Every structure is written in structure tokens, then in C-alpha cells.
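S.K.: return a 3D structure for these sequence lines:
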Amino acid sequence: MKNYLFLIIFIFFSCQEEITLDLPQAENKLVVEGAIEPGFPPYVILTRNQGYFESIDNTTYNDLFVNDIDSVKVWYYNDNGERKIRILEQIPGLDSLPPIYTDLSYFSIANNYEFSQEGETYYLEIKWNDKIVTAETTIPEPTPLDCLWVEKSETAEKDFKYDIRAVYSDPVGAINNILIRSKRLEHWKRDSIDGQIKNENDPQLILLDAAPNVLANGESFKTYFPRPREEGGFPSGSYNTDHYKIFDNNGTEDTIFLSHDIVLIKFCQIDVLSVKFWRGVVRQSTSNNNPFTEPMNLVSNIINGLGVWTGYGAVYYKIPIIKDTIIKKEYVPEIIDIF
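M.R.: Now for the predicted structure:
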């Protein structure tokens, strides 16, 4: 019996055939994240794509950035048909960050920068590795919110959690594609190691939502802006108002005062191709880790590359998270605020 069993096992393993899949290599493409909005210079962040099955190691992150660009140009045509062009150059001194290409002349004429204007169509051209990557986008007219206000969260368990709410009046007959970003300019926490109070603000604007506004033509309605998550997922967070935090101080219960959050809201109009891309990003982010979600490809407006080139008709609001605060005045951002 043992001999028969050995023979069966031998036949089973000897009949196995090693299968090797010859997967096609991903085409080497430039990935563009570019934007332009009134009063600020155009900018692009350039990376390269990576194959799905390619290995990831300590050098992968740095290898994705592209520094060997031949040229980056942005232009539009004025009313006389003349082409107004800007050459974008890499910002020097950002060794620890992704390379950013922008119009460096902005930093000498920041108060009178007139290249980026609402209503204009802007063309992007990038030359890299004997390839020409192009795109175009339009800066729509911005549509401000009627007002924003701060009120206590109805769902949060803690008393110091508050929400940002707003009223928006949609223009009659306009095709609006809305994108919203936010970040905490100030968010105070007690460091559990050294006990110091530190501002753990959001390093950049986080995408909250993007969608065509097809159901509210000419209507006014209330909405609210939950705090998005940096790691993705459905945005459902609240913000902190002034409060005292109880903590253990070497076996003794103690309290410390933490000041309120200060939040920046970026409320934008974008064109049709841009909203298709950013809507796809939102859908992928909010379905994170859902095994039943159908995979999808992002709709890109980049020709001969990947990514997006977006014109933002943007308005900004700076909101301190203090009970009953009402904001009607727009905030004038610095260049660091637009990222």
C-alpha cells in the first residue's frame, strides 16, 4: 500500500508544469499634475508611471520624479490672436520635495501677475525624451458661496467637534463643475512624548469632492464641508473648537487648553474634462479597500501622457472653528495656500 501511495504522489508532482506569464511592460509615460488659476503662475509636477507588477523599494519614490525635462511651456491667445507664452522652470532648492515647474518671474512681480485670467484657455506643452506632451484647459468664472458658518456637529460624540456649513446659489443656465479642497492651517495637539503643544496642520489642500452640478440649476441650497481624510476614504470628519484635553501626567490627571482649528476652503469651478478626472479620483478614494468596487481608469486630458491639466476658477475662505462664526468675505491667498 505504501508503494502505491508513493507512486501516486510521484506521478502527481511529475505532471506539474511550471507556468511563466510574459506580462507586457508598461509604456514609459509622463504623468502630469498641472494647474493654473487667476493671479498665480501656472505650475506642473512631473512624475513617470510605473508598471503594476514592478518592484517597490527604497528608491522607487525618488525614481518616479522627472528632472530631465527639455522644456515646459504654457500659453494663451489674446483678443488680437497673439500668443502670450511663459516658460516654466524648476523651482530651485526643493531637493526634498517633488520638482515643481513654474513661471519664476511671478516672484518678482507677484502683485501684478496678469498672465493667468479667468475665461482664457491655456495650452501646455512639455518636451521630454523626444516626446511632446500637450494639454489644454480653461479657467472658468468663479462662483462664490453666499456664506459659511460654524455649528456644533450633530453626529460627533465629543462636544468640541464642529462642522462647516454653507449656502450656495447656483447661477441660472450655467454649466457648473465644482471642485472643493480644504486644509487645516492650524490644528493644535499635545505631543504625548515631550508634552508640548504643537500645530499639526495639514501640509497641503486635500480633495474633498468634485462633481458636475447638474441637479441644482438656479437653485440655492445648504451644504456642508466635512473634514477629509489624508489617507482617503469617505470624508466624514469634524473640526475642533477651543477645548481642554485631559491627560495623564506621571500618574496624576491634568488638563491642557487647545485652541480651535483654522480651516482653509478652496471652492472652484473647473472645466468638463478636469471634473471627469477629479471625479474619478474622488470615487477611487471613497471606495478605498472596498473589494466589491469595480476598478476604473481615470479620464485624462493629457495627450501623449497621463494626469491632468486643470484651470481653477477659485475662491478661498478662511474659517476659524468658533461657535456661530459666519464668513461672507473671501480670503486672499498666498501662493503657498494654492497647493
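S.K.: so which residues of the stretch 1-150 of the chain form strands?
M.R.: Along the stretch 1-150 of the chain, counting by DSSP state E, counting those that start in this stretch, strands occupy 30-36, 43-48, 71-77, 83-87, 89-90, 100-102, 121-128, 131-138, 147-152.
S.K.: turn these into a markdown table, columns for distance to Ile336.
M.R.: In this view, the C-beta of every residue, glycine as well, is placed from N, C-alpha and C. Putting these into a markdown table (distance: least, CB to CB, whole Å) gives the following:
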| stretch | distance to Ile336 |
| --- | --- |
| strand 30-36 | 14 |
| strand 43-48 | 12 |
| strand 71-77 | 21 |
| strand 83-87 | 20 |
| strand 89-90 | 18 |
| strand 100-102 | 12 |
| strand 121-128 | 22 |
| strand 131-138 | 22 |
| strand 147-152 | 22 |
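S.K.: want to throw those strands into a markdown table with mean pLDDT?
M.R.: Shown next, in a markdown table, are the strands of the stretch 1-150 of the chain (pLDDT from 0 to 100):
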| stretch | mean pLDDT |
| --- | --- |
| strand 30-36 | 96 |
| strand 43-48 | 93 |
| strand 71-77 | 97 |
| strand 83-87 | 97 |
| strand 89-90 | 94 |
| strand 100-102 | 94 |
| strand 121-128 | 97 |
| strand 131-138 | 97 |
| strand 147-152 | 97 |
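S.K.: which one of these lies nearest to Ser192?
M.R.: strand 147-152 (27.1 Å; CB to CB).
S.K.: quick one: name whatever helix or strand follows that closest one.
M.R.: As assigned by DSSP states H and E, the chain's next helix or strand after strand 147-152 is strand 161-169.
S.K.: so which bits of that following strand are buried?
M.R.: Buried residues in strand 161-169, counted by 16 or more other CB atoms under 10 Å: 161-164, 166, 168.
S.K.: just give me the closest of those to Lys152.
M.R.: Once CB to CB is applied, the member of these that ends up nearest Lys152 is Tyr162, at 5.6 Å.
S.K.: ok, the closest one to Ala156 distance?
M.R.: Computed as CB to CB, to the nearest Å, the Tyr162 to Ala156 distance reads 8 Å.
S.K.: shared neighbours of those two, which are they?
M.R.: Taking CB atoms under 8 Å, 6 or more residues apart in numbering as the contact rule, the neighbours common to Tyr162 and Ala156 are Ser238.
S.K.: how near is the nearest residue to Gln204 once chain neighbours are set aside to Ile206?
M.R.: Using CB to CB, 6 or more residues apart in numbering and skipping the chain neighbours, the partner closest in space to Gln204 is Phe339 (5.4 Å). Distance of Phe339 to Ile206, computed by CB to CB: 11 Å.
S.K.: quick one: which of these two has more around it?
M.R.: Applying other CB atoms under 10 Å to Phe339 and Ile206 shows that Ile206 carries more neighbours, namely 19 against 13.
S.K.: what's the pLDDT at the more buried one?
M.R.: Predicted confidence (pLDDT) for Ile206: 94.
S.K.: list the beta-bridge partners for it.
M.R.: Ile206 forms beta bridges with Ser182, as assigned by DSSP bridges.
S.K.: contacts only, for it.
M.R.: Contacts for Ile206 (CB under 8 Å, 6+ apart) come out as 181-183, 228-230.
S.K.: repeat that with 10 Å
M.R.: For Ile206, the contact set (CB atoms under 10 Å, 6 or more residues apart in numbering) comprises 180-184, 227-230, 232, 235, 266, 285.
S.K.: ok, back up a step: adding distance to Asp191 and mean neighbour count, write the strands of the stretch 1-150 of the chain out as CSV.
M.R.: Formatted as CSV, the strands of the stretch 1-150 of the chain follow (distance: least, CB to CB, whole Å; neighbours: other CB atoms under 10 Å):
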stretch, distance to Asp191, mean neighbour count
strand 30-36, 33, 22
strand 43-48, 31, 21
strand 71-77, 41, 19
strand 83-87, 43, 14
strand 89-90, 35, 15
strand 100-102, 31, 21
strand 121-128, 43, 19
strand 131-138, 42, 19
strand 147-152, 27, 17
